[in-house]
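> Sequence first, predicted coordinates after that:
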Amino acid sequence: MIEKNIKDYLHLYLGCELFEVGGGIGKLYNMGTFAGSIVQVFTDCSSNEPYWTNVRNVKPILRPLSDMTDEEKNYFELWSFEIMKEDLNQVQRNALKIKWYLYNHFDLFGLIEAGLAIDKTTIKKYENESRT
């Protein structure tokens, strides 16, 4: 099995919430390539002062696919039907679907299970455990 490394996936989740060890919750703002291990985050979204930190210190906060609401499922089905009408090939249609999942911060790569991301449905529990 190929070992997963969060730096290979973070760029797909720009804009998602991020948990930083010792820094709390921020937002993934940018991903740099300095030594392949640096990301730029907001710790306080209201201050608009991003800073750089090591990728080893952060975990994206993602939604498991099981967290999709009925409303989202219905929207996705209707939207999927609509893009079938477009003059696109199957690869392009699939790419649009994947983009939708990523935009809504769904974990498509098993990052939660691998311990590289935090399940948004359990973040309160994680925050409490990290403080003790």
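On my side now, so go ahead.

> what residues are up against the spatially most central residue of the chain?
By CA atoms, centre = their mean, the chain has its centre lying nearest to Y13, at 3.9 Å. Counting by CB atoms under 8 Å, 6 or more residues apart in numbering, Y13 makes contact with 28, 60, 62, 102, 105. Just so you know, the C-beta spots here come from the backbone N, C-alpha and C atoms, and that holds for glycine as well.

> could you pull out the helices for this protein?
Assigned by DSSP state H, the helices in the chain fall at 70-84, 90-103, 123-131.

> mind checking which of the ones you listed is nearest Y51?
Comparison of the helices of the chain against Y51 by CB to CB identifies helix 123-131 as nearest, at 19.7 Å.

> and that closest one, what's its mean pLDDT?
If you average the pLDDT over helix 123-131, you get 57.

> Mind splitting the chain into its structural domains?
1-64+107-132, 69-105 (automatic domain parsing).

> Let me see the mean pLDDT of the shortest one.
Summarised as a single mean, pLDDT over domain 69-105 is 87.

> Would you pull up how far that domain lies from the middle of the chain?
18 Å (CA atoms, centre = their mean, to the nearest Å).

> Please list the residues outside stretch 84-104 that contact it.
Residues contacting stretch 84-104 (CB under 8 Å, 6+ apart): 12-13, 63, 65, 72, 76, 79-80, 83, 108.

> By neighbour count, which of the residues you listed wins?
Y13 (24 neighbours; other CB atoms under 10 Å).

> Tell me which stretches of this protein form strands.
For the chain, the strands defined by DSSP state E cover 17-20, 24-31, 38-42, 51-54, 58-62, 118-119.

> could I get these as JSON lines with mean neighbour count, mean pLDDT and distance to I6?
Shown next, in JSON lines, are the strands of the chain (neighbours: other CB atoms under 10 Å; pLDDT from 0 to 100; distance: least, CB to CB, whole Å):
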{"stretch": "strand 17-20", "mean neighbour count": "20", "mean pLDDT": "88", "distance to I6": "10"}
{"stretch": "strand 24-31", "mean neighbour count": "17", "mean pLDDT": "81", "distance to I6": "10"}
{"stretch": "strand 38-42", "mean neighbour count": "20", "mean pLDDT": "66", "distance to I6": "9"}
{"stretch": "strand 51-54", "mean neighbour count": "14", "mean pLDDT": "76", "distance to I6": "11"}
{"stretch": "strand 58-62", "mean neighbour count": "24", "mean pLDDT": "93", "distance to I6": "7"}
{"stretch": "strand 118-119", "mean neighbour count": "20", "mean pLDDT": "96", "distance to I6": "11"}
